[in-house]
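Chemist: sequence unknown, structure follows:
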């Protein structure tokens, strides 16, 4: 078998949001002996980075970006198990909306964006009590816990969950990212969250910056 | 299935009965007060008709002459820019937008000062209108102060307009001779007199003097346009309380009488010329004695005039996107938006004076850029609502069900681009806005204006045509020199 596979096809497939095509291409690449790391870093991620850039410049818009995210995710699904087996480098995210709050579009949008960034996302749904968040963190051991609230009345629940993470002794193993229309940086800080995402685009960006900074800090120590 | 569907919103300010009253009153004005005409050829045409001409150049016209003449005008005129595209369809309920003409001053964006308009300013305005997608036709915006002779400034101005903009135009001229030169210049571009008649490049803007006076130059232009089949508009500019009754109905009666006199005169000269009805109908501000371009009465009276024009089967040259504000500020945005929305909704054929500031004396390029966005919103509104099956989305609603989402559906992917996509309005969240420099609308308008001026180059006029056009300009200067 010759190595004729062109990684650009995966990149373009992601940019154009070809969900089935990207899945097939990832399978083909694997069968041609290309490593899952390469498929991810040279193909899927390159495509999604281009999408993010175009989105920022108003050259692509939400419906197209979400298609690309789905395409990226369909490619990731093909290689995820093999990647995970090797060094567990792919992130998992648990995300949900707090108890008493039935709003889910913002939270779902964030979930889709993180899937597009390569994360495996466990979506808990809406109106979830703290215990469900805590149990999910214990079970899935995610890198990221996303908590959403749209109402000023349900916002304090996000702080409750963080406190319960501490009580359960698992606060340090997860990075908490919060979002929702009434949330601000100040509020995020006051409840001890790690990242605040003011919109769907910035969530992935801010998480990436956070982890970069964190690994730089631990590297310098 | 036989059903009635509104694809565009409907907006009317006058009922048929009210229009009839105004029209009959205007016919009465022409029989009683009549109008002054200061041009001998026109007076002779009236003398040879059933009209009555007295020794003071006053012409009174029987209603029957108006009723006959009014049936002869086209209900559609299509203009073709020098880009060769028949892009401007002048017809009812199909609004097209453009600048106004001949503003003596312009706002200098480098100094923030008001100064005299130059040919270079007119070229800049033309270039901007060439690239702004919601500007459909170009009028000079400014009046050139640096042409060699006052008698021929219009030729130089038109050349600058042509150099800067490839879209159809509305032109002003000094007198009949001026219009003839502009027409010859345009015929060079369109490929001759016959081609111009089928694919006119411009409409000639002509105005009477309210109340009920028609000066020599205006009438010369009108007669020349009638003779050559040049589209023309006769646009009364009455100010309520000063040159017209202070009541809107009274102003509309007088304005219509002024228009109808031109309707009869053009018919006597040559039946069927492409004549457009006009009217910049507004109030004189009784505190500041200025002719208001931002008054709500301007919008109301203009919409009424459009109702009348449609009832008469005439095309309407209306007004919008203008302001009394001295700079492009909150007042400007409020006034420009108001007049543009109502002019659009009324279904006028052409909407001009987009970008006028300082009560029709000062030209702002920033105002053009801001208006381009506002017109985009008006156009979106006037598209109305599609209620066909695909658009009711019943299957989709059922598929997604309670608690579903529409972000990722094919239906959204296929239809969301039908929405208006703003270029200047900021819809970002607070954090993103701060991260991008906390810019105001004014900041963004200024940036886009400068960016377009720095980057847009208009397709040049082919060299041989430019030479032929320039010869007409030079010949006019030579005739009038010394």
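Modeler: On my side now, so go ahead. All values reported here derive from a predicted model rather than from experimental measurement.
Chemist: dump the residue contacts of the residue in the stretch 301-450 of chain B that chain A sits nearest to.
Modeler: As assessed by Cβ to the nearest Cβ, chain A sits closest to residue B:431 within the stretch 301-450 of chain B, at 4.0 Å. Where C-beta positions appear, they are placed from N, C-alpha and C, glycine not excepted. Residue B:431 sits next to A:185, A:198-199, A:202 when contact means Cβ atoms under 8 Å, 6 or more residues apart in numbering or on different chains.
Chemist: closest to chain B among those?
Modeler: residue A:198 (4.0 Å).
Chemist: quick one, phi/psi of whichever residue of the stretch 51-200 of chain B sits closest to chain A?
Modeler: Going by Cβ to the nearest Cβ, chain A is nearest to residue B:133 of the stretch 51-200 of chain B, at 15.6 Å. Note on residue B:133: its backbone torsions stand at phi -70, psi -30 [degrees, to the nearest 10].
Chemist: element containing the residue nearest to it when sequence neighbours are not counted?
Modeler: Distances taken as Cβ to Cβ, 6 or more residues apart in numbering or on different chains place residue B:372 nearest to residue B:133, at 6.9 Å, with adjacent residues excluded. Applying DSSP states H and E as the criterion places residue B:372 in helix B:365-382.
Chemist: next helix or strand past that helix?
Modeler: Downstream of helix B:365-382, the first helix or strand assigned by DSSP H and E is helix B:389-392.
Chemist: which other residues reach that following helix?
Modeler: By Cβ under 8 Å, 6+ apart, the list of residues contacting helix B:389-392 reads B:385, B:415.
Chemist: equivalent analysis for stretch A:12-27, please.
Modeler: A:9-10, A:39, A:43-44, A:46-48, A:50-51, A:54, A:64, A:66-68, A:70-72, A:74-75, A:77-79.
Chemist: buried ones in it, by neighbour count?
Modeler: A:12-19, A:21-23, A:25-26 (16 or more other Cβ atoms under 10 Å in any protein chain shown).
Chemist: do the same with stretch B:141-156
Modeler: Neighbour-count burial for stretch B:141-156 [16+ other Cβ under 10 Å]: B:141-145, B:147, B:151-156.
Chemist: please apply the same query to stretch B:208-219.
Modeler: B:208-214, B:217-219.
Chemist: among the residues you listed, which are in helices?
Modeler: The helices, defined by DSSP state H, take in B:217-219 from the buried residues of stretch B:208-219.
Chemist: pick out whichever of these sits closest to residue A:115.
Modeler: The shortest approach to residue A:115 among those belongs to residue B:218, at 69.2 Å (Cβ to Cβ).
Chemist: next one, pLDDT for the closest one please.
Modeler: Turning to residue B:218, the model gives it a pLDDT of 97.
Chemist: domain parsing for chain A?
Modeler: Using automatic domain parsing, the domains assigned to chain A come out as A:7-86, A:92-220.
Chemist: as TSV, these with distance to residue B:319 would be great.
Modeler: Listed next are those as TSV, based on distance: least, Cβ to Cβ, whole Å:
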stretch	distance to residue B:319
domain A:7-86	33
domain A:92-220	41
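Chemist: mind putting those domains into a markdown table with mean pLDDT?
Modeler: Output for the domains of chain A, formatted as a markdown table (pLDDT from 0 to 100):
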| stretch | mean pLDDT |
| --- | --- |
| domain A:7-86 | 91 |
| domain A:92-220 | 92 |
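Chemist: between the ones you listed, which one is closest to residue B:458.
Modeler: Using Cβ to Cβ, the domains of chain A put domain A:7-86 closest to residue B:458, at 25.2 Å.
Chemist: assign the most centrally placed residue in chain A to helix, strand or coil.
Modeler: Chain A has residue A:114 as the residue nearest its centroid, 2.3 Å off, counting by Cα atoms, centre = their mean. Here residue A:114 is recorded as helix under DSSP: H, G, I helix; E, B strand; the rest coil.
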